[in-house]
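# Attaching a predicted model along with its sequence, questions to come.
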Amino acid sequence: MQRRGREWVLQRSLSTLDGYDFILIDTPPNLGLLTENALCAASWVLVPCQMSYYAIEGTFALMNVLDQIRHELNHPIEVLGILPTVLR
């Protein structure tokens, strides 16, 4: 989280929109810059998670990133919930 500024690009773009109660942002299943931008633009996050070991480990990594965003970037994002999905 050393890069100050790049993670706020999406939030600046979305701040020009009016008339929307909710905007859903879907991101790839990784913790790259796109996901970081989406998290910095969001007020809440709903995390879909397959019920497998590696997916749950990834969810723990996401929680660590959310803590960093809260503390280092001073952004009050909240976890709305974790949505368990079926593994097929």
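That came through fine.
# list the buried ones in the biggest helix by length in the chain?
Ranked by residue count under DSSP state H, the longest helix found in the chain is helix 53-72. For helix 53-72, a neighbour-count test (16 or more other C-beta atoms under 10 Å) marks 58, 62, 66, 69 as buried. Every residue, glycine included, has its C-beta placed from N, CA and C.
# residue contacts, the closest residue to residue 34 other than its chain neighbours?
In space, and not counting its chain neighbours, residue 34 is closest to residue 27: 5.7 Å by C-beta to C-beta, 6 or more residues apart in numbering. By C-beta atoms under 8 Å, 6 or more residues apart in numbering, the residues touching residue 27 are 34-35, 38.
# Count the neighbours of the closest residue to residue 83 other than its chain neighbours for me.
Spatial nearest neighbour of residue 83, chain neighbours left out: residue 48 (4.6 Å); criterion: C-beta to C-beta, 6+ apart. The local packing of residue 48 (other C-beta atoms under 10 Å) involves 13 other residues.
# so residue 34 sits in a helix?
Yes - using DSSP: H, G, I helix; E, B strand; the rest coil, the assignment for residue 34 is a helix.
# Quick check: which ranges of the protein have low pLDDT?
Applying pLDDT under 70 to the chain flags the ranges 1-4, 87-88.
# and the spatially most central residue of the chain, what element?
By C-alpha atoms, centre = their mean, the chain has its centre lying nearest to residue 39, at 3.3 Å. Under the criterion of DSSP states H and E, residue 39 resides in helix 33-41.
# So which bits of that helix are buried?
Buried-residue list, helix 33-41, by 16+ other C-beta under 10 Å: 35-41.
# Closest to residue 17 out of the buried residues of helix 53-72?
residue 69 (21.5 Å; C-beta to C-beta).
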